[in-house]
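A.B. asks: Sequence first, then the predicted structure, then my questions.
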Amino acid sequence: MSSPLSGQFVIPTNREIGASSHSEPDNACTYLCGNSLGPMSKRSKALVEEELKVWATCAVTGHFTSHPHGRGWADFCDHITPPLAELKEVACMGTLTANLHLMMDSFYKPTPQRYKILCEAHAFPSDQATLAHGFDPANAVLEMSPRSGEYTLREEDILTMIEREGSSIALVIFAGVQYYTGQWFPMQSITRAAQAQGCICGWDLAHAVGNVPLSLHDWGIDFAVWCTYKYMNAGPGSIAGLFVHEKWKETELPKFAGWWGHDPATRFAMPPKFSPIEGAQGFQQSNPGILVAASLLGSLQVFKEVGMMQPLRERSLQLTGALESLLKKSQYFVPVEEASTRQSTKPAFTIITPDDPSGRGAQLSLLFLPSGVMNKVHDALNKRGVIGDERRPDVIRLAPAPLFNTLKDCEQGAMILESVFDEFI
Ligand SMILES: *Cc1c(COP(=O)(O)O)cnc(C)c1O
């Protein structure tokens, strides 16, 4: 299963990435880290270079119709937003953490009776910081942990918790795909259960966009935020996004307004009264960074070429399934049920990401045993050109991204992991 699109991306060579023990230094490395930072697409490079040229040759006139490629910077993001959801409900703006703060401010409305926030335990640190809006997090934030001996949350436990505590919960906010475990939460059923209890339901989609199919509007999600440098391959720190369901278009006006959220018809006339664009785009504050937006547009063109998420998801299921079965054949693999009670000091690993493909995206999280083994494995993998990423204390995440990874990458990853165990550990 080769990727028809792998040629569209620039993957670092073994030499470039510092894989000093690889016998073929000029071959592309085995990049299984698109969950953390997607590689550069050739389209992104070309579009960024085009915009640099427009800047050089048009300067301020590039904002409008004199833009030689018909992408005047004033409405550049209109070329980006449509593929993500309904135009009115998404905005291409800012960064994930800043957007999450904006959403918290608009949607977290605690009252003395209803003030709690329900989320997964060990959420991304940025998310934890933003959740402390107004109330003491020690009282207000309810964190759900897996059952003892388990690594991921069970849907039934989440739904029971929402039912039990719902009347005191103002906001349910989970990651769409959990960054550490790779668990894809049942987004639709959590949203439905939360709203049935009168809670707002929001999502951090950092690891979900470009990874799994999302129907934010149809699932009735209240709001969502994401970044674009992971599976969306838009480049380090690239422009982020947010979604606000159209049902909120009249009730949730942006408080931290900026001129870019103003009706484009009169934006440049700069009238004294703020008249926001209806919906998500009214939250825009500043004119967007065109170089990063161009990079995102380039990557999105590659997504569009494959027909967006449905075909990609099918390919993703095949690749991740293939990597999983190769890893499970390893003599060092132990079933996840045995991992938490294992006594042996012999080095081993398990997979903590759910077995059920509907409960995960591309990523598999490998947990190494006993403690201390992970770092050694990670270093040895890197030296041999397999790039995954470590998450302390004991996890290495490997993600075959369907846009550019191939079955060969999965085979290499599994084979080299085995040889690393054989030789080094
Ligand atoms: C990657 C990631 C972030 C990063 O936030 P930035 O504002 O883009 O730096 C935040 N939350 C989650 C869940 C992430 O996975």
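C.D. replies: Ah, there it is. Residues are numbered from 1 along each chain as shown.
A.B. asks: now the helices for the stretch 251-400 of the chain?
C.D. replies: Ranges of helices within the stretch 251-400 of the chain are 264-267, 290-305, 309-328, 336-339, 373-383, based on DSSP state H, counting those that start in this stretch.
A.B. asks: Please identify the one among the ones you listed that comes closest to the ligand.
C.D. replies: helix 290-305 (11.7 Å; CB to the nearest ligand atom). Backbone N, C-alpha and C define where each C-beta goes, glycine included.
A.B. asks: Can you list the helices and strands that that closest one packs against?
C.D. replies: When contacts are defined as 3 or more CB pairs under 8 Å, 6 or more residues apart in numbering; DSSP states H and E, helix 290-305 packs onto strand 40-41, helix 42-58.
A.B. asks: Partner strands of the shortest one, with direction?
C.D. replies: Sheet partners assigned to strand 40-41 using DSSP bridges are listed as strand 9-10 (antiparallel).
A.B. asks: And the next helix or strand past the partner strand?
C.D. replies: helix 14-17 (DSSP states H and E).
A.B. asks: and that next one, how far out from the chain's middle?
C.D. replies: 26 Å (CA atoms, centre = their mean, to the nearest Å).
A.B. asks: Just the residues contacting it, thanks.
C.D. replies: 22, 24-29, 382, 385, 387 (CB atoms under 8 Å, 6 or more residues apart in numbering).
A.B. asks: SS state for the nearest residue to Thr13 once chain neighbours are set aside?
C.D. replies: Spatial nearest neighbour of Thr13, chain neighbours left out: Asp26 (5.3 Å); criterion: CB to CB, 6 or more residues apart in numbering. Following DSSP: H, G, I helix; E, B strand; the rest coil, we place Asp26 in the coil state.
A.B. asks: low-confidence ranges in the stretch 301-425 of the chain?
C.D. replies: 425 (pLDDT under 70).
A.B. asks: interface residues of it facing the ligand?
C.D. replies: Residues of the stretch 301-425 of the chain lying near the ligand by CB under 6 Å from any ligand atom: none.
A.B. asks: count of residues packed around the residue of the stretch 151-300 of the chain found nearest the ligand?
C.D. replies: In the stretch 151-300 of the chain, the residue that lies nearest the ligand is Ala206 (3.2 Å; CB to the nearest ligand atom). Neighbourhood size, Ala206 [other CB atoms under 10 Å]: 27.
A.B. asks: most packed of the helices of the stretch 251-400 of the chain?
C.D. replies: Highest mean neighbour count among those (mean count of other CB atoms under 10 Å): helix 290-305, with a mean of 22.
A.B. asks: List, one by one, the residues from the stretch 151-300 of the chain near the ligand.
C.D. replies: 175, 179, 204, 206-207, 227.
A.B. asks: go again using 5 Å as the cut-off
C.D. replies: By the rule CB under 5 Å from any ligand atom, the part of the stretch 151-300 of the chain lying against the ligand is 179, 204, 206, 227.
A.B. asks: where are the low-confidence patches of this protein?
C.D. replies: In the chain (pLDDT under 70), the answer is 1-4, 82-87, 126-130, 132-135, 137, 253, 425.
A.B. asks: quick one, domains of it?
C.D. replies: According to automatic domain parsing, the chain is divided into the following domains: 6-31+310-424, 49-304.
A.B. asks: My guess is Leu171 contacts Arg114. True?
C.D. replies: No. Using CB atoms under 8 Å, Leu171 makes no contact with Arg114, being 9.3 Å away.
A.B. asks: Comparing these two, which residue is more hemmed in?
C.D. replies: Leu171 (27 against 16).
A.B. asks: Counting neighbours, what do you get for Ser41?
C.D. replies: Ser41: 25 surrounding residues under other CB under 10 Å.
A.B. asks: same thing with Gly38?
C.D. replies: When neighbours are defined as other CB under 10 Å, Gly38 has 26 of them.
A.B. asks: Just the element for it, please.
C.D. replies: Assigned by DSSP H and E, Gly38 falls outside every helix and strand.
A.B. asks: What of Leu417?
C.D. replies: Using DSSP H and E, Leu417 falls in helix 407-424.
A.B. asks: from memory Gln8 sits against Ser44, does it?
C.D. replies: No. At 9.7 Å, Gln8 and Ser44 do not qualify as touching, with contact defined as CB under 8 Å.
A.B. asks: Who has more neighbours out of those two?
C.D. replies: Higher neighbour count among Gln8 and Ser44: Ser44, with 28 against 22, using other CB under 10 Å.
A.B. asks: Apart from its chain neighbours, what residue comes closest to the more buried one?
C.D. replies: Nearest non-adjacent residue to Ser44, counting by CB to CB, 6+ apart: Gly298, 3.4 Å away.
A.B. asks: Then Ser36?
C.D. replies: Ser36 sits nearest to Asp389 (CB to CB, 6+ apart), 4.8 Å away.
A.B. asks: so how many other residues sit close to the one you found?
C.D. replies: If we define neighbours as other CB under 10 Å, then Asp389 has 17 of them.
A.B. asks: how near is it to Gly182?
C.D. replies: 12 Å (CB to CB, to the nearest Å).
A.B. asks: what touches both of the two?
C.D. replies: By CB under 8 Å, 6+ apart, the residues touching both Asp389 and Gly182 are Arg397.
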